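Enquirer: no FASTA, just this:
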Ligand code: ATP
Ligand code: MG
Ligand code: MG
Ligand code: MG
């Protein structure tokens with residue numbers, strides 16, 4: 001049986017290769033030629049131009065295992081890490097693609113057969129969603145595949161609904177998009193959560209495993225939906241989620257890859273409780289950080305490098321919380337290479353640079369972490385309300401290099417809110433002081449993202465004006 005993550009990766013690619021798909025390598029986490037995208041966030045990114053009909057390839061079917069990072073922009077799961085069973089900042093997306101070749105019926109049939117015949121998942125554990133008006137997809141699921149009508153849930157584009165799911169997939173505000181159909185796995189009634197389309201869907205009982213997107217439109221900046229030259233298919237299944245099912249565990253963090261990373265982290269820091277949430281966060285973050293560096297991103301004060309820096313700092317903070325006294329993060333790289341199998345090829349080549357960059361960043365941050373944490377801790381202990389004032393948040397950021405989301409991370413663990421508006425006021429006051437003093441030397445590019453789901457606002461190096469980075473797609 002296909003059980004390990006490595007076996008699942010090759011089983012998937014083989015299945016689609018046998019069905020006429022070209023196996024294509026994962027592309028870099030840094031999207032080529034796409035200023036609308038922060039990091040590669042889906043398997044379809046490298047084929048965007050092909051879907052749009054602007055780039056011709058000598059195949060019309062492809063399959064990939066694509067490394068993805070969702071830590072900013074339209075798809076941002078940074079704040080979910082450590083809180084859900086199914087989200088990572090870095091994950092591999094298994095996908096099959098049709099460029100004007102097959103469409104709905106074949107796409108649905110391929111996915112269903114892979115899950116129920118190759119992997120032998122019990123059909124009674126599966127339910128599916130479709131776009132609310134997509135009767136064609138309904139008929140394929142119901143009549144051709146034989147899924148009972150009550151297990152086919154219609155979901156719209158979710159304006160004003162009490163739940164979050166959305167069956168109209170888009171990469172960003174512009175680009176290829178279309179209605180989709182998703183397959184969910186029921187992990188059992190002992191786990192909290194409801195079926196998709198209910199207010200409880202965000203629990204982790206019914207976990208989305210596969211999204212099949214029927215690419216039909218190219219969304220323009222003004223919102224107009226232009227039909228694509230030929231209807232196409234883009235699908236994505238998170239390898240960690242299917243591995244969890246195949247390994248008989250509920251959480252992605254219990255699969256082979258994560259168990260080894262968590263055990264190694266616990267060994268290095270000397271922690272005995274393997275269930276500790278911080279271990280999961282660190283095991284998640286080493287993957288995104290190491291692969292981002294291997295793909296050429298370096299920690300810095302702006303753009304992609306700043307997002308990387310924030311993730312590293314988060315990991316270091318969690319290590320500190322577990323009692324780490326020395327640099328630990330970079331020491332996870334050999335284990336990471338070991339567990340990632342074929343997916344680690346690029347990382348092996350860059351191992352030395354990755355380890356050195358992580359170590360340098362960690363050492364640099366460790367010097368200020370301790371002091372910042374003391375100040376934050378004291379402020380939280382003195383707190384009379386459930387909200388930390390913006391002035392303190394700003395001081396931590398400005399004086400101690402604490403990204404605001406790091407402060408927010410600590411506060412969230414203690415059920416405390418962060419006064420974002422107050423922070424903005426403090427930041428604005430600082431900017432006008434700097435301007436009045438003609439002090440253009442201060443680097444406000446190191447600004448922050450509190451609401452990591454909305455646009456990134458940095459501050460221009462020279463003017464102190466807020467700038468919306470083109471790197472973010474929201
Ligand atoms: P969810 O609703 O669970 O956040 P999604 O709808 O945002 O998932 P898609 O954009 O449809 O996910 O991506 C396709 C597939 O990639 C998902 O069905 C899931 O298997 C996987 N996936 C998405 N986000 C993550 C993540 N942060 N970590 C691990 N796997 C993910
Ligand atoms: Mg999501
Ligand atoms: Mg979803
Ligand atoms: Mg989805």
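Expert: Sure thing, it's come through. As the structure is a computational prediction, the values presented were derived from the model and not from experiment. Ligands and ions are numbered 1, 2, ... in the order given.
Enquirer: how about the residues of this protein near ligand 1?
Expert: Applying C-beta under 6 Å from any ligand atom, we find that the chain lies next to ligand 1 at 70, 75, 77, 86-88, 91, 93, 208-211, 236-238, 240-241. The way it works is simple: take the backbone N, C-alpha and C, and place the C-beta from them, glycine included.
Enquirer: now those: which count as buried?
Expert: 70, 75, 77, 86-88, 91, 93, 208-211, 236-238, 240-241 (16 or more other C-beta atoms under 10 Å).
Enquirer: in strands, which of these fall?
Expert: 91, 93, 208, 209, 210, 211, 236, 237, 238 (DSSP state E).
Enquirer: between those residues, which sits nearest residue 261?
Expert: Distances from residue 261 to those, taken as C-beta to C-beta, are shortest for residue 91 (13.4 Å).
Enquirer: wait, that closest one touches residue 238, no?
Expert: Yes: Residue 91 sits in contact with residue 238 when judged by C-beta atoms under 8 Å, with a separation of 5.2 Å.
Enquirer: pull out the buried positions in stretch 181-195.
Expert: Residues of stretch 181-195 classed as buried by neighbour count (16+ other C-beta under 10 Å): 181, 182, 183, 184, 185, 186, 187, 193, 195.
Enquirer: among those residues, which are located in strands?
Expert: Checking the buried residues of stretch 181-195 against DSSP E, those in strands are 181, 182, 183, 184, 185, 186.
Enquirer: the last one and residue 128 touch, don't they?
Expert: So that's residue 186. No: Residue 186 is beyond contact range of residue 128, at 11.8 Å (criterion: C-beta under 8 Å).
Enquirer: so who does the residue in the chain that ligand 1 sits nearest to touch?
Expert: Closest approach between the chain and ligand 1, counting by C-beta to the nearest ligand atom: residue 238, at 2.9 Å. Residue 238 is in contact with 86, 91, 92, 93, 94, 209, 252, counting by C-beta atoms under 8 Å, 6 or more residues apart in numbering.
Enquirer: quick check: bridge partners of it?
Expert: residue 93 (DSSP bridges).
Enquirer: which residues does residue 423 contact?
Expert: 390, 393, 394, 397, 404, 450.
Enquirer: helix or strand: which one has it?
Expert: In the assignment (DSSP states H and E), residue 423 maps to helix 420-436.
Enquirer: can you give me the end-to-end span of stretch 48-55?
Expert: 9 Å (C-alpha to C-alpha, to the nearest Å).
Enquirer: now stretch 77-96
Expert: With C-alpha to C-alpha, one end of stretch 77-96 sits 23 Å from the other.
Enquirer: and if you look at stretch 51-70?
Expert: From its first residue to its last, stretch 51-70 covers 22 Å (C-alpha to C-alpha).
Enquirer: cool, stretch 293-307 as well?
Expert: End to end - C-alpha to C-alpha - stretch 293-307 spans 12 Å.
Enquirer: now that stretch: buried residues?
Expert: 293, 294, 295, 297, 299, 302, 303, 304, 306, 307.
Enquirer: and if you look at stretch 385-399?
Expert: By 16+ other C-beta under 10 Å, the buried positions in stretch 385-399 come out as 388, 389, 390, 392, 393, 394, 395, 396, 397.
Enquirer: other residues contacting that stretch?
Expert: Residues from elsewhere that reach stretch 385-399 (C-beta under 8 Å, 6+ apart): 372, 375-376, 379-380, 402-404, 407, 411, 415-427, 430, 448.
Enquirer: returning to that earlier point: redo the ones in strands among the buried ones among the residues of the chain next to ligand 1 as JSON lines? Include distance to residue 346 and pLDDT.
Expert: Supplementary listing: these in JSON lines, determined by distance: C-beta to C-beta, whole Å; pLDDT from 0 to 100:
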{"residue": "91", "distance to residue 346": "16", "pLDDT": "98"}
{"residue": "93", "distance to residue 346": "16", "pLDDT": "98"}
{"residue": "208", "distance to residue 346": "28", "pLDDT": "96"}
{"residue": "209", "distance to residue 346": "26", "pLDDT": "98"}
{"residue": "210", "distance to residue 346": "26", "pLDDT": "98"}
{"residue": "211", "distance to residue 346": "25", "pLDDT": "97"}
{"residue": "236", "distance to residue 346": "20", "pLDDT": "98"}
{"residue": "237", "distance to residue 346": "22", "pLDDT": "98"}
{"residue": "238", "distance to residue 346": "20", "pLDDT": "98"}
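Enquirer: quick check, residue 26 in contact with residue 67.
Expert: Yes: proximity of residue 26 to residue 67 meets the contact threshold set by C-beta under 8 Å, at 5.1 Å.
Enquirer: and these two? Which one has more around it.
Expert: Using other C-beta atoms under 10 Å, the more surrounded residue of residue 26 and residue 67 is residue 67, with 26 against 21.
Enquirer: assign the more buried one to helix, strand or coil.
Expert: strand (DSSP: H, G, I helix; E, B strand; the rest coil).
Enquirer: repeat that for residue 96.
Expert: Per three-state DSSP, the local secondary structure of residue 96 is strand.
Enquirer: contact partners for it?
Expert: Counting by C-beta under 8 Å, 6+ apart, residue 96 has contacts 16, 21, 61, 62, 63, 107, 110, 233, 235.
Enquirer: now do the strands in this protein.
Expert: According to DSSP E, the strands that the chain contains are 22-23, 61-69, 90-98, 126-131, 152-155, 168-170, 175-186, 206-219, 225-238, 387-388, 417-418, 457-459, 466-468.
Enquirer: out of these, name the one with the poorest average pLDDT.
Expert: Of all the strands of the chain, mean pLDDT reaches its minimum on strand 466-468 (a mean of 31).
Enquirer: for the chain, which spans come out with low pLDDT?
Expert: 158-165, 437-474 (pLDDT under 70).
Enquirer: helices of that one, residue ranges please.
Expert: 5-18, 48-51, 104-113, 135-139, 239-246, 256-269, 277-294, 303-321, 333-340, 345-382, 390-400, 404-413, 420-436 (DSSP state H).
Enquirer: let me know which of those helices is tucked in deepest.
Expert: Of all the helices of the chain, helix 277-294 carries the top mean neighbour count, a mean of 26, counting by mean count of other C-beta atoms under 10 Å.
Enquirer: run the chain-centre distance for that helix.
Expert: Offset of helix 277-294 from its chain centre (C-alpha atoms, centre = their mean, to the nearest Å): 12 Å.
Enquirer: which strands and helices sit next to that helix?
Expert: Here helix 277-294 touches strand 61-69, strand 90-98, helix 256-269, helix 303-321, helix 333-340, helix 345-382, going by 3 or more C-beta pairs under 8 Å, 6 or more residues apart in numbering; DSSP states H and E.
Enquirer: tell me what angle the second one forms with strand 206-219.
Expert: The reference is to strand 90-98. 60 degrees (axes from the mean of the first three to the mean of the last three C-alpha atoms, to 10 degrees).
Enquirer: angle of strand 90-98 against helix 303-321?
Expert: Going by the same axes, to 10 degrees, strand 90-98 makes 140 degrees with helix 303-321.
Enquirer: next, the angle strand 61-69 makes with strand 90-98.
Expert: Going by the same axes, to 10 degrees, strand 90-98 makes 160 degrees with strand 61-69.
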